[in-house]
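*Asks:* Structure for the following, please:
(one chain, ligands or ions: 2)
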Amino acid sequence: MTRLAVVPGDGIGPEVIAQALETVTALRIGIEFDVLDHINAGTFLRTGVALSEEDFTRIAGCDAVLLGAVGDPRVITPAYARGVLLSLRSRLDLYANVRPARLLHDDLSPLRDRANRGIDCVIVRENTEGLYGGSLHRMSGAEVAIDIEVSTARGVRRIVEHAFSLARRGMCMVDKSNAVPSGGALWQRIWRETAADHPNVATYHLFADVAAMRLVADPTEFDVIVTNNSFDDILSDLAAQIAGGLGTAASANVNPDTGFCLCEPVHGSAPDITGTGTANPVGAILSAALLLEHLGYGSEAKAVRSAVDRAVAAGHRTPDLGGSLTTQQAGSAVRAEL
Ligand code: NAI
Ligand code: MG
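*Replies:* Ligands and ions are numbered 1, 2, ... in the order given. Now for the predicted structure:
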């Protein structure tokens, strides 16, 4: 029996995760849920503990994790979000962050040029190193802040290799090696070496600023993009918006070597709409589809994705997509298409 750890989290997290779980349940494939709904900002404020050892062991003992969002306006310290999400990512060594961006329906694209707006790409993010690696050095008194961007040969090679395993049409490596020479040279060398092992995949390189421009000019150009932690953070939000909006974006944090994965919608806890019943459940439902795929339920994942497509095409949408359905109604509309 497949056991799924579920961390609904804060804000709209529990609202959208409820729809994702109902959708997985509707597939009747017998996945068992272990819901850890006490991992949230309220618990952190009361106890000062973001993720207890007991909870970590419980999560690591499952086959995969579905997470809503963590973050709360009452918690100012980054210790909470880091303590939950970043510590799961690093302790489980979930080094590949895979973010598909696919336009669900033509009228959701913000791009004016109708011919070249059908984005369908996967952005692969190095999830454990780079500028967000956590090594922060401050020189007190001098008003100098230094954040260090770390790239290791092992880290770059494993993420580039994983990206190649996902490539269908082409592979684009994004960096800023013209301005960040040390890490840039390492990414460039490993990129060329790995590309040589994949002669059947069309490979190319873009600087991060040019990649942002080209994503808007013609997103259909892209298949798989691989890049570091910080550039992906920015490019994947851009791609998510081109694909229809933050509320629909899904992501998987994967360790391809162990097969363990944590899937989550790309959006946060959205305190501005929490409790209004208007949160879009599509990002969470598509995150569950990613999870099903990783757990070996490929045809079920595909069925969920096409059910989402049909529901959205039929106009069953929450307000962020121009509709008037509630979170619950939008989730039910997807299940009705299953
Ligand atoms: P956010 O993604 O929560 O919200 C940004 C905007 O998008 C808001 O206007 C929100 O209403 C809207 N939005 C987000 N998801 C939506 C959905 N499913 N349906 C409809 N509208 C949606 O980002 P924000 O406001 O910067 O962060 C809020 C909190 O979430 C913070 O505490 C932040 O740290 C946390 N956060 C957590 C993440 C995670 O757990 N992976 C990721 C991003 C933010
Ligand atoms: Mg982000």
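*Asks:* count of neighbours near the residue of the stretch 201-338 of the chain found nearest ligand 1?
*Replies:* Residue nearest to ligand 1 within the stretch 201-338 of the chain: Gly268 (2.3 Å; C-beta to the nearest ligand atom). Every residue, glycine included, has its C-beta placed from N, CA and C. The tally of other residues near Gly268 (other C-beta atoms under 10 Å) stands at 17.
*Asks:* Next up, the contacts around Ile31.
*Replies:* Residues in contact with Ile31 (C-beta atoms under 8 Å, 6 or more residues apart in numbering) are 1-4, 24, 295.
*Asks:* what sits against the residue of the stretch 201-338 of the chain closest to ligand 1?
*Replies:* Residues near Gly268 by C-beta under 8 Å, 6+ apart: 11, 69, 71.
*Asks:* quick one: which of those residues is nearest to Gln19?
*Replies:* Nearest to Gln19, judged by C-beta to C-beta, of those is Ala69 at 13.7 Å.
*Asks:* Could you check the pLDDT of that closest one?
*Replies:* Looking at Ala69, its pLDDT stands at 97.
*Asks:* what's the distance between the closest residue to Val160 other than its chain neighbours and His162?
*Replies:* Excluding its sequence neighbours, the residue lying closest to Val160 (C-beta to C-beta, 6 or more residues apart in numbering) is Thr194, at 4.7 Å. According to C-beta to C-beta, to the nearest Å, Thr194 stands 10 Å off from His162.
*Asks:* Check Gly13 too.
*Replies:* For Gly13, the distance to His162 - C-beta to C-beta - is 27 Å.
*Asks:* Same drill for those two, tell me which one is more crowded.
*Replies:* Between Gly13 and His162, counted using other C-beta under 10 Å, the more crowded position is Gly13 (27 against 20).
*Asks:* Now do the same contact list for the more buried one.
*Replies:* Going by C-beta under 8 Å, 6+ apart, Gly13 touches 67-70, 269.
*Asks:* Mind doing that once more with 10 Å?
*Replies:* 7, 37, 40, 67-71, 264-265, 267-270, 274, 279, 284 (C-beta atoms under 10 Å, 6 or more residues apart in numbering).
*Asks:* how about it, phi and psi?
*Replies:* phi -50, psi -60 (degrees, to the nearest 10).
*Asks:* Sweet, I'm off.
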